[in-house]
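Peer 1: Structure for the following, please:
(one chain, ligands or ions: 1)
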Amino acid sequence: MDWQNQKVVVLGGSSGIGLATVMRLAAAGASVVAVGRDRAKLDDALGGIAGQVTGEALDCTDRAALERFFGRLGRIDHLVMTLSGGEGAGPFAELDLAALRRGFEAKFWPQLEAAQTALPTLRRDGSLTFLTAISARIANPGTAGLGAINGALESMIGTLARELAPLRVNAVSPGVIDTPWWDRFPASVKSELFRQQSETLPARRVGQADDVAHALQFLLENTFMTGAVIECDGGLRLL
Ligand SMILES: NC(=O)c1ccc[n+]([C@@H]2O[C@H](COP(=O)([O-])OP(=O)(O)OC[C@H]3O[C@@H](n4cnc5c(N)ncnc54)[C@H](OP(=O)(O)O)[C@@H]3O)[C@@H](O)[C@H]2O)c1
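Peer 2: As a prediction, this is how the structure comes out:
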């Protein structure tokens, strides 16, 4: 792919997997627009990146703001949606369903709102890529709620790929990845989970943001990929 002529929007591009994706695509020569809610965080994250990168402060739960953003931007070639939620984990018997609802509001709905809003400006045979989570495909106790949010997104990929063709629609489904997403948990919980993962995963390490960014780049580049959900989990789904 000639990245020089590609314009990519990364929603959630100021941290973690999204930021790693912005860095990869900018290094390849693409023109990248990174979106996050916090202007200062965007400026901080994007400051040192060489290439054609701009940051846009925008809350993707706000449909009107999304419409203004895509309307202003004009034609784009690829949309990557890495924005995160975070709520909705825990054993089902005690699961706070209000928190799970907020989890859907923070991840499922903004990804759909953004995808739908971007359609008129997305190149007809460009790509639309979702970021889900391996909780959708494994039966790990305590992840039924997260699995529901991500499974809802994953269940749409094939249908969207057929409905929206020749636009390509795909997803990457990560396992445990070392990003600021985990900072919401106490440091001891995070380090114990990461230690366990490093011992038990077939890949024998926790994932890095760039592992997932690499998988995302592949889906953007490979024009024969559509309707696919790529697991990027170090083998977590096999345990
Ligand atoms: N890390 C993992 O282990 C893991 C595993 C499986 C799946 N995932 C999924 O991967 C995705 C990215 O996770 P991450 O680990 O990279 O998270 P992260 O480091 O917390 O980054 C999340 C990004 O999303 C932005 N964001 C959140 N809500 C937004 C909104 N309403 N509008 C615009 N931007 C928004 C954040 O910026 P602002 O806060 O400034 O808005 C930030 O740039 C998430 O969907 C997560 O569920 C992560």
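Peer 1: Over in the chain, which residue gets nearest the ligand? Let me know.
Peer 2: The minimum distance from the chain to the ligand, using C-beta to the nearest ligand atom, falls at Gly16 (2.3 Å). C-betas here are computed from N, CA, C, even on glycine.
Peer 1: Give me the spatial nearest neighbour of that residue, chain neighbours excluded.
Peer 2: Thr179 (3.1 Å; C-beta to C-beta, 6 or more residues apart in numbering).
Peer 1: My guess is that neighbour contacts Asp211. True?
Peer 2: No - if you go by C-beta atoms under 8 Å, Thr179 and Asp211 don't touch, sitting 10.8 Å apart.
Peer 1: Point me to the helix or strand that includes Val35.
Peer 2: Element membership of Val35 [criterion: DSSP states H and E] is strand 31-36.
Peer 1: Need the CA coordinates for the next helix or strand after that strand. CSV is fine.
Peer 2: Next along the chain after strand 31-36, taking DSSP H and E as the criterion, comes helix 39-46. Only the C-alpha atoms of helix 39-46 are listed here, as CSV (Å, rounded to 0.1, in the frame of the first residue of the first chain):
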residue,chain,number,x,y,z
ARG,A,39,-6.7,18.2,24.4
ALA,A,40,-3.6,18.3,26.7
LYS,A,41,-3.3,14.5,26.6
LEU,A,42,-3.4,14.5,22.8
ASP,A,43,-0.8,17.3,22.6
ASP,A,44,1.5,15.3,25.0
ALA,A,45,1.0,12.0,23.2
LEU,A,46,1.5,13.3,19.7
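Peer 1: picking up where we left off before, residue contacts, the residue of the chain closest to the ligand?
Peer 2: Contacts of Gly16 were listed using C-beta atoms under 8 Å, 6 or more residues apart in numbering, and they are Thr82, Ser84, Ile177, Thr179, Pro180, Trp181, Ala209.
Peer 1: follow-up on the earlier one: who does the strand holding Val35 pair up with?
Peer 2: Its sheet considered, strand 31-36 pairs with strand 7-11 (parallel), strand 52-57 (parallel) by DSSP bridges.
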